[in-house]
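J.: when you get a sec, could you give me coordinates for this:
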Amino acid sequence: MNIHAALIAFDALSQETRLKAFRLLVEYGPEGIAAGILSNKLKIPHNTLSFHLGHMSHAGLVVSRKVGRSVIYSANFAFVQTLIRFMIENCCIVDFARVGKDKKRGCDVIELSECCPPSKKKKKHE
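T.: Predicted coordinates:
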């Protein structure tokens, strides 16, 4: 991933309605949800949702497919994984975060370390 693609994705998520829609799409997993149901759950008009989904689709965050007369939207999990990996590998200090492999489950794992050491509380009588 390049910085331009990351900027487009973060720009798309920096709007409240799009972030709420994206979070719902993540909850529905790879199966996705029909645009009409998503519109009802978010309590926004269909045309407004269509605008926001188009914006997120252009950014690579969502994908759609036609099932009968419905359009089903889902989060583009492969893209999001690439975006997260880009942030960790290119923007974070190695001591703060890294992507590791969970060989048992066969997946990537984000490992975060404590960025700040625990504070030492002074005793009251000192």
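J.: tell me which element the closest residue to residue 59 other than its chain neighbours falls in.
T.: Closest residue to residue 59 apart from its sequence neighbours, by CB to CB, 6 or more residues apart in numbering: residue 12 at 3.8 Å. In short, each C-beta sits where N, CA and C put it, glycine included. Using DSSP states H and E, the element containing residue 12 is helix 3-13.
J.: helices and strands around that helix, which ones?
T.: If you count contacts as 3 or more CB pairs under 8 Å, 6 or more residues apart in numbering; DSSP states H and E, helix 3-13 packs onto helix 16-28, helix 46-59, helix 77-91.
J.: elements contacting the longest one?
T.: Secondary-structure packing of helix 77-91 (3+ CB pairs under 8 Å, 6+ apart): helix 3-13, strand 97-102, strand 107-112.
J.: for the shortest one, same thing?
T.: In terms of contacts (3+ CB pairs under 8 Å, 6+ apart), helix 16-28 is packed against helix 3-13, helix 35-42, helix 46-59, strand 70-75.
J.: how near is the most centrally placed residue in the chain to residue 106?
T.: Centroid-nearest residue in the chain: residue 80, 5.4 Å away (criterion: CA atoms, centre = their mean). Separation of residue 80 from residue 106 (CB to CB, to the nearest Å) stands at 18 Å.
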